[in-house]
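Undergrad: Predicted model follows, preceded by the sequence.
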Amino acid sequence: MDKNKVKEIIARRVAKEFKDGQLVNLGIGLPTLVANYISHDIDVTLQSENGFVGMGVAPKEGEEDPNLTNAGALPTTIKNSGAFFDSATSFAIIRGGHLDYTVLGALQVDEKGNLANWMIPGKLVPGMGGAMDLVTGAKKVIIAMTHTSRGNVKILEECTLPLTAKGQVDMIVTEMGVMKITNKGIVLVEKNPEFTVEEVQEVTFAKLIIPDDMKEME
Amino acid sequence: MDKNKVKEIIARRVAKEFKDGQLVNLGIGLPTLVANYISHDIDVTLQSENGFVGMGVAPKEGEEDPNLTNAGALPTTIKNSGAFFDSATSFAIIRGGHLDYTVLGALQVDEKGNLANWMIPGKLVPGMGGAMDLVTGAKKVIIAMTHTSRGNVKILEECTLPLTAKGQVDMIVTEMGVMKITNKGIVLVEKNPEFTVEEVQEVTFAKLIIPDDMKEME
Amino acid sequence: MKKLISLEEAAKLVKDDMTIMVGGFLGVGSPERILKELIKNNVKNLTLIANDTSFPGQDYGDLVVHKMVKKVIVSHIGTNRETGNQMHSKELEVVLVPQGTLAEQIRAYGAGLGAVITPTGLGTVVEEGKEILEVDGKRYIVEKPLRADIALIRASKADKNGNLIYDKSARNFNPIMAMAADIVIVEADEIVEVGELDPNFVMTPHIFVNYIVGDDK
Amino acid sequence: MKKLISLEEAAKLVKDDMTIMVGGFLGVGSPERILKELIKNNVKNLTLIANDTSFPGQDYGDLVVHKMVKKVIVSHIGTNRETGNQMHSKELEVVLVPQGTLAEQIRAYGAGLGAVITPTGLGTVVEEGKEILEVDGKRYIVEKPLRADIALIRASKADKNGNLIYDKSARNFNPIMAMAADIVIVEADEIVEVGELDPNFVMTPHIFVNYIVGDDK
């Protein structure tokens, strides 16, 4: 499947989760794309952990403001209904349970809802940035990622990489389907019709629970 | 001695402690009067724990602003170099050691630097308000009070009333003199020439240490 | 857009047995009109979290006078003799908290922190019955976060989305209470269109506000 | 009035072995001109507390590139390969802290609190070696306050008394760092007369600021 098509499928599906009036933080990378697919019929406020709510679209070339960037240091804009604040307040919002959703990528995620997305020992140590607070504080945590990465399986029985947080993930959205983390394990609530259940299970190292009412991924 | 004269002696003497550029919180009552005696040659910033620095003089009649009051809910003003903030920030300033001085009244104070000024069990329970934070957080704590109150001795070996804070008082200023709390006890560093050492000691239930270089209270 | 509601609707959201936070410092910066309406409803058994119990005859001071409150968590009650009277007659439970601790307890709940670790109150009755945490050889009191079912706050300006600006010393506890309650109702002196407040100078972001009561004209 | 100083004077206040806080988020809102001057001085063995280590070739990112730093306490190093390299070669000690914890640790020092009690990092390596506090049956990590000898911050406007206003997302860590250092030096984009800033909208009160560096024109 085309890489951009994969990203679009995932971002489009995540965007459907949001409801009018909600507050959402979108992580760097694929999660950022989710903003492009939020329905215009609802009012969703985006939080940027570097210090504001009401993040808008990227500015036109030549209209960038060096003092107005997103959490990835890229120029952005703010809606006229937005507000700026300092980093302590920004993380009071995040840690304090005021975010309805955080959408993040993952290196690994497991059937207990554990998440690993901030380091690969001896190789890559970018640091956790705001991810640990986001995952701990948000009401719902959605992992938006490609189902595998360069052939590596990322949905596991148990994460092997250092964790970002324990038992905090609620939902995983990949190009293959939508999975919910439950007490009993990972439930494949929606499946992309382009794949069979067997194909999804093959690249998932945790046992998928297939509900009777499994839906087609939109 | 005339009551207003007593208050003036105390307030005038406390004001001499401050240096240029310092930040000071003055309690309700007698301590408030200290503001009137701060030298015009120095710039002392007054903090008001209800949420600002740069408190000015009382407004003229008719110029009161209902949204600009001191910690006693009386109308006040702010200098154009001042700044407003919320209660959490106000007490971050107080508790965080950013105040050079707090000046408060007392019901009792003792030779260990203990202070009691917020309740008399079974009789009067106004509450501690900001006093406990002020006394704990300020770099120096000055007690400004009449030496006795209706015949009751207030400077003791050990406070009998519930404490506001333990071992935090640095200095006591009364109409009789200036006392410093030291490891060895209370030192009478300055004495009002209108009283003898014996007269001061008689109304002080802690042993006063009289230094060789005791000064006359100005 | 946030729901603009009337004073009557706002007051009706407060029900018996609720815990409410009320902004203000001795009444300055408190939502007077909502409180006046609330008193008409004669709600009972409230727990009131505020800086103080204000004065009898005004704002939240009158909640005590009208015996609508079973418990207060405040830093000061000296300006409202009715609070002291009801405390002595055991009709009212009074929990006195140092003002800075109170502010941090409210902020801590809003910020998702588990406790406030403060030196204030050490060696006093405030310490009694509380856990002590030692950090690098120094002792601190462990104070728990404070939350409310409803916060009633007052702003000088609100845009229709709920962004707030406070005026001078009327700010006090309002911004932190806006972060620590399930439902936040703001009484605004003036309501302006979205876009009229500069995002750089908004003091409470709209995300904390559920309902706005306007000037009712 | 606060002391207006030159870039040279500001940079000279930073000495070998000091702990410094530097405002900014990936360089946005950091005091670039002071940092450029500081790099000329080639100070050594600094401990740097900042949100991140920015990018090589700019602001505080270059403090690492020029090997002036022995230890960083930050939430993210992924944008500065030099930080990773020096970490792997053991030239640089890297302490990674969740961003929200870092912000609260700085605020806690400024606010005189003994610790930060946070759920962030539970069940991860962040928890290792740290004390756990249980509050009402829930576990939290005890994180200690962070202080600095000097904070280098950036403001959009400063009045001559040191009252500050920040601009948009350039605010970030600047206001809390202003509260947590022995000496606070602000690089202001614009210096205005006392009285030109409305006290209601000042973001950092002058009491926290020791020195102001202006536009050096």
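TA: Nice, thanks for sending it over.

Undergrad: Mind checking what helix or strand follows the longest helix seen in chain C in sequence?
TA: Counting by DSSP state H, the longest helix found in chain C is helix C:99-111. Sequence order places strand C:116-118 as the next helix or strand after helix C:99-111, per DSSP states H and E.

Undergrad: which residues are in contact with that following strand?
TA: B:95, C:98, C:100-101, C:104-105, C:108, C:133, C:135, C:140-145, D:108, D:112-117, D:142 (C-beta atoms under 8 Å, 6 or more residues apart in numbering or on different chains). Using the backbone N, CA and C atoms, a C-beta is placed for each residue, glycine as well.

Undergrad: Assign residue 4 to helix, strand or coil.
TA: The chain I'm using is chain A. helix (DSSP: H, G, I helix; E, B strand; the rest coil).

Undergrad: Got phi/psi on the residue nearest to residue A:43 when sequence neighbours are not counted?
TA: In space, residue A:43 comes closest to residue A:20 once its chain neighbours are excluded; the distance is 5.7 Å by C-beta to C-beta, 6 or more residues apart in numbering or on different chains. Phi and psi for residue A:20, reported as degrees, to the nearest 10, are phi -50, psi 130.

Undergrad: if I look at residue A:20, how far off is residue B:131?
TA: 47 Å (C-beta to C-beta, to the nearest Å).

Undergrad: Separate out the buried members of the contacts of strand C:116-118.
TA: B:95, C:98, C:100-101, C:104-105, C:108, C:133, C:135, C:140-145, D:108, D:112-117, D:142 (16 or more other C-beta atoms under 10 Å in any protein chain shown).

Undergrad: does any bit of stretch C:12-21 sit next to chain A?
TA: No. Interface with chain A: stretch C:12-21 contributes nothing (C-beta under 8 Å from any C-beta of the partner chain), its closest point being 14.9 Å away.

Undergrad: is that stretch up against chain D anywhere?
TA: No. If you take C-beta under 8 Å from any C-beta as the test, stretch C:12-21 misses chain D, and the best it gets is 15.9 Å.

Undergrad: List the buried residues in that stretch.
TA: C:13, C:14, C:18, C:19, C:20, C:21.

Undergrad: for chain A, what are the low-confidence residue spans?
TA: Scanning chain A for pLDDT under 70 picks out nothing.

Undergrad: residue with max distance from the center of it?
TA: residue A:62 (30.1 Å; C-alpha atoms, centre = their mean).

Undergrad: where do the helices sit along the chain?
TA: Answering for chain A, as no chain was given. A:3-15, A:30-33, A:87-95, A:131-137, A:197-202.

Undergrad: you looked at the wrong chain, it should be chain C
TA: Applying DSSP H to chain C gives helices spanning C:7-12, C:32-41, C:61-65, C:81-88, C:99-111, C:174-177.

Undergrad: Which positions in chain A make contact with chain C?
TA: A:23, A:43, A:45, A:47, A:52-54, A:78, A:80-85, A:88, A:91-98, A:136-137.

Undergrad: who in chain C is up against chain D?
TA: So far as C-beta under 8 Å from any C-beta goes, chain C lies against chain D at C:104, C:108, C:111-119, C:133, C:135-136, C:138, C:140, C:142, C:144, C:166-168, C:199-201.

Undergrad: let's go with 7 Å and repeat that
TA: C:112-119, C:133, C:135, C:138, C:140, C:144, C:167-168, C:200-201 (C-beta under 7 Å from any C-beta of the partner chain).

Undergrad: Then chain A?
TA: So chain A meets chain D at A:49-52, A:65-69, A:73, A:84, A:86-88, A:91, A:94-95, A:125-130, A:132-133, A:136, A:162-166 (C-beta under 7 Å from any C-beta).

Undergrad: so who does the closest residue to residue A:170 other than its chain neighbours touch?
TA: Excluding its sequence neighbours, the residue lying closest to residue A:170 (C-beta to C-beta, 6+ apart) is residue A:140, at 4.7 Å. Shown in contact with residue A:140 (C-beta atoms under 7 Å, 6 or more residues apart in numbering or on different chains): A:100, A:101, A:170.

Undergrad: I figured the first one hits residue A:22, correct?
TA: What it means is residue A:100. Yes. Between residue A:100 and residue A:22 there is a contact under C-beta atoms under 7 Å: 4.0 Å.

Undergrad: okay, now residue C:3: neighbour count?
TA: By other C-beta atoms under 10 Å in any protein chain shown, the residues close to residue C:3 number 11.

Undergrad: Same question for residue A:166.
TA: 18.

Undergrad: From residue A:112, how far off is it?
TA: Distance from residue A:166 to residue A:112, by C-beta to C-beta: 8 Å.

Undergrad: Low-confidence stretches in chain C?
TA: C:1-2, C:215-217.

Undergrad: residue contacts, the closest residue to residue C:27 other than its chain neighbours?
TA: Computed as C-beta to C-beta, 6+ apart, the closest residue to residue C:27 that is not its neighbour in sequence is residue C:54, at 4.3 Å. By C-beta under 7 Å, 6+ apart, residue C:54 lies in contact with C:24, C:26, C:27, C:60, C:61, C:79, C:80.

Undergrad: Let's see if you can find the most crowded of these.
TA: Highest neighbour count within the contacts of residue C:54: residue C:60, with 32 neighbours (other C-beta under 10 Å).

Undergrad: Compute the number of surrounding residues for the residue nearest to it when sequence neighbours are not counted.
TA: Nearest non-adjacent residue to residue C:60, counting by C-beta to C-beta, 6+ apart: residue C:22, 4.6 Å away. Residue C:22 has 30 neighbours, counted by other C-beta under 10 Å.

Undergrad: Which stretches in chain C count as strands?
TA: C:3-5, C:19-22, C:46-49, C:69-74, C:93-96, C:116-118, C:132-135, C:138-143, C:148-159, C:164-165, C:181-192, C:211-213 (DSSP state E).

Undergrad: what about the third one, near chain B?
TA: Translated: strand C:46-49. No. Using C-beta under 7 Å from any C-beta, strand C:46-49 never reaches chain B; the gap is at least 12.5 Å.

Undergrad: What pairs with that strand, parallel or antiparallel?
TA: Partners of strand C:46-49 in the sheet, by DSSP bridges, are strand C:19-22 (parallel), strand C:69-74 (parallel).

Undergrad: Between those, which one is closest to residue B:214.
TA: Using C-beta to C-beta as the measure, strand C:69-74 is the one of the strands paired with strand C:46-49 that comes nearest residue B:214, at 44.0 Å.
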